[in-house]
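1. fold the following, please.
(chains A and B)
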Amino acid sequence: MLRYMLKRLLIMVITLWIIVTLTFVLMVSIPGSPFNSDQTSNEIVQANLERHYNLDKPYHIQYLLYLKSIATLEFGPSIKQPNQTVNDLLGRGFPISFELGIVTIIVAVVSGIILGILAALRHNGIIDYMAMGIAVLGISIPNFILATLLIQQLAVNLEWFPVATWSSPKHMVLPVLALATGPMAIIARLTRSTMLEVLTQDYIKMARAKGLTPWKVIMKHALRNALMPVVTIMGTLLAGILTGTFVIEQIFAIPGMGKYFVESINHRDYPVIMGTTVFYSAFLIIMLFLVDIAYGILDPRIKVNNKEGE
Amino acid sequence: MEKILDVKDLHVTFSTYGGTVQAVRGVNFHLNKGETLAIVGESGCGKSVTSNAIMRLIPNPPGKIADGKIMFKGKDLTKVSEKKMRSIRGVDISMIFQDPMTALNPTLTIGTQLMEGLRQHQQVSREKAKKRALEMMDLVGIPNPEERLKQYPHQFSGGMRQRIVIAIALICEPELLIADEPTTALDVTIQAQILELFEKIQDITGVSIILITHDLGVVAKIADRIAVMYAGKIVETGTKRDIFYNPEHPYTKGLLKSVPRLDVQGEKLIPIDGTPPDLFSPPKGCPFAPRCPFAMEVCNKMYPDAVELNESHQVNCWLQDERGKKLLAMKATN
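-> The predicted structure follows:
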């Protein structure tokens, strides 16, 4: 187990390094600089600013300086918001984005699995058609359209929920709904199809032949096997939810990371671009690692540990 | 002898898009306490459906028990509630499946799967359940039971898995064990070991066994009585001796001729020509008539009644019916 972990850790570091390098190359290849839009500054001021932020140095030195800042986790001050460091921005924005993301994932996974199981158990019945109808809608409607629809109907017309911002559980409902529907639909469809397949397996018949209750047969014997493919796509869904938060945060005016991420690119705020990219990449890589570990726990045939001599 | 199971006129049908399949069409047989009954027949003749019907494990829809009675210890299993049936499954009647590779849940340990039936039906502590599980592992011949309990099915070989499946079936000490082709998926040397295990278990526990198979070699080894099934009906029943030495139904004779024998040199195997009938619209008369070398006109028109040849041996064939014999005699004199 330890050897596997170390191996994975090394691969994760390499992946992160590739992402950082690619981001750096992309960043310096976009025309413009953070100070282009500052009409007031003259050339000397600009040169001074560039020196202050190390932008006058050759690219390879800049690259090494970035690597150093990542290694020390000190991303330095933001260029556009000079009173704040990148770490300040991350510390303020990330908890909110994380909250949105986690609640979304929990809602999507739990409701998706329940919907999928119900559809499979009532195969070709009314519940099945209804669940799959919801699923098709959820997959087809992009989250930003769903978000505006929800705001129009539930917030503006019916006034059940606040239109925007992020302060109470009630504020969470609409953004989470908008963000979770797509992944929920995918999980529901996947759970249904794998559940249908698992239910025809011999071991399910055997579990019934033991005289177990239907609840036990489903929860203990069928679900665990049916969840395997769901865990597999969790990695992709996580990435989708993560990028989805950028859009949803914009629509609902949620003060999360998304705002800084998008603005930093528009403003060529190099330290913030680097900081947010590294942070998001690291977060996603760690999540994918956890998914792999979960896979090994769910299915004992997939060995996570490389025991010597085996 | 005490009858533990008595199946009377059992009909099982499956509704499909193409129509209704009459998989089992009026099956009668009984099982005495402590004996082994083999139900023999080719693929698709309704053997497995019959055994699933006894367990009430026919998926409904599309399948259903259309008619008939399954009397088990004085209760009609076709009538009892699902809840009551759950307390019978695994406790009074257990089942062993064909393929041990797929019959065990790959994500649960052997110990969990072995003990869950016991813990479901009898309020026993974990330690007691474990003790009983270890006893069962010992009974079915699995070395290092303590360690093996913690392992998963993929860490076991095919033969070992079938031993586990047998242990699971027997852990609540059932009175009736239904084994649906228990050796078909195993290789020959393992088959012999598993059959010996069945004999040993029957000696120790006195369990009655219904053995579903198409392998006459298996039947010859462990069955007491044999029921030969064809196209959803039982065409001949008798003791092992009746069936192997005095087969009367042409289908039984055909089956026996198509099995290789070691005691006769240079003998050719004779297959039965033709294919079984379509069970969407089964024939009115004897379903074997189109393939039967002795078929008469009456065979295509009416299904023959059961004829008792001796107290253990019954056959459904016009050739053995008094009226059929008269027809034959008339034909001979003309």
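2. for the top helix by length along chain B, list the C-alpha coordinates in PDB.
-> Longest helix in chain B, counting residues (DSSP state H): helix B:188-205. The C-alpha trace of helix B:188-205 is given here as PDB (Å, rounded to 0.1, in the frame of the first residue of the first chain):
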ATOM      1  CA  VAL B 188     -13.900 -33.800 -14.700                       C
ATOM      2  CA  THR B 189     -11.600 -34.600 -11.800                       C
ATOM      3  CA  ILE B 190     -13.200 -31.800  -9.700                       C
ATOM      4  CA  GLN B 191     -16.700 -33.200 -10.700                       C
ATOM      5  CA  ALA B 192     -15.900 -36.500  -9.100                       C
ATOM      6  CA  GLN B 193     -14.800 -34.800  -5.900                       C
ATOM      7  CA  ILE B 194     -17.900 -32.700  -5.700                       C
ATOM      8  CA  LEU B 195     -20.200 -35.700  -6.300                       C
ATOM      9  CA  GLU B 196     -18.400 -37.600  -3.500                       C
ATOM     10  CA  LEU B 197     -19.000 -34.500  -1.300                       C
ATOM     11  CA  PHE B 198     -22.700 -34.700  -2.100                       C
ATOM     12  CA  GLU B 199     -22.800 -38.400  -1.000                       C
ATOM     13  CA  LYS B 200     -20.900 -37.600   2.200                       C
ATOM     14  CA  ILE B 201     -23.200 -34.700   3.100                       C
ATOM     15  CA  GLN B 202     -26.300 -36.800   2.500                       C
ATOM     16  CA  ASP B 203     -24.800 -39.500   4.800                       C
ATOM     17  CA  ILE B 204     -24.100 -37.000   7.600                       C
ATOM     18  CA  THR B 205     -27.200 -34.700   7.400                       C
END
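3. can you name the element that comes right after the one helix or strand B:Asp138 maps to?
-> In this assignment (DSSP states H and E), B:Asp138 forms part of helix B:126-139. Using DSSP H and E, the helix or strand that follows helix B:126-139 towards the C-terminus is helix B:145-148.
4. which helix or strand lies directly C-terminal to that following helix?
-> Using DSSP H and E, the next helix or strand after helix B:145-148 towards the C-terminus is helix B:158-170.
5. which helices and strands does that next one pack with?
-> helix A:202-209, strand B:93-96, helix B:100-103, helix B:110-121, helix B:126-139, helix B:188-205 (3 or more C-beta pairs under 8 Å, 6 or more residues apart in numbering or on different chains; DSSP states H and E). C-beta: built from backbone N, CA, C; applies to glycine.
6. 7 Å instead?
-> Based on contacts counted as 3 or more C-beta pairs under 7 Å, 6 or more residues apart in numbering or on different chains; DSSP states H and E, the elements that helix B:158-170 packs against are strand B:93-96, helix B:100-103, helix B:110-121, helix B:126-139, helix B:188-205.
7. CA-only coordinates of it in CSV, if you can.
-> The C-alpha coordinates for helix B:158-170 follow below in CSV (Å, rounded to 0.1, in the frame of the first residue of the first chain):
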residue,chain,number,x,y,z
GLY,B,158,-13.6,-23.2,-9.3
GLY,B,159,-13.9,-26.4,-7.3
MET,B,160,-13.3,-24.6,-4.1
ARG,B,161,-15.9,-22.1,-4.9
GLN,B,162,-18.5,-24.8,-5.6
ARG,B,163,-17.6,-26.2,-2.2
ILE,B,164,-18.3,-22.8,-0.7
VAL,B,165,-21.6,-22.6,-2.5
ILE,B,166,-22.5,-26.0,-1.1
ALA,B,167,-21.5,-24.8,2.4
ILE,B,168,-23.7,-21.7,2.0
ALA,B,169,-26.6,-23.9,0.9
LEU,B,170,-26.2,-26.2,3.9
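8. so in chain A, which helix runs the longest?
-> When chain A is parsed with DSSP H, its longest helix is helix A:86-121.
9. coming back round to it: got a markdown table for the helices and strands packed on helix B:158-170, with mean neighbour count too?
-> Formatted as a markdown table, the helices and strands packed on helix B:158-170 follow (neighbours: other C-beta atoms under 10 Å in any protein chain shown):
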| stretch | mean neighbour count |
| --- | --- |
| strand B:93-96 | 28 |
| helix B:100-103 | 22 |
| helix B:110-121 | 22 |
| helix B:126-139 | 16 |
| helix B:188-205 | 15 |
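10. could you give the angle of the longest helix of chain B to helix B:158-170?
-> Per axes from the mean of the first three to the mean of the last three C-alpha atoms, to 10 degrees, the angle that helix B:188-205 makes with helix B:158-170 is 20 degrees.
11. average pLDDT across helix B:188-205?
-> Summarised as a single mean, pLDDT over helix B:188-205 is 87.
12. cheers, nothing more for now.
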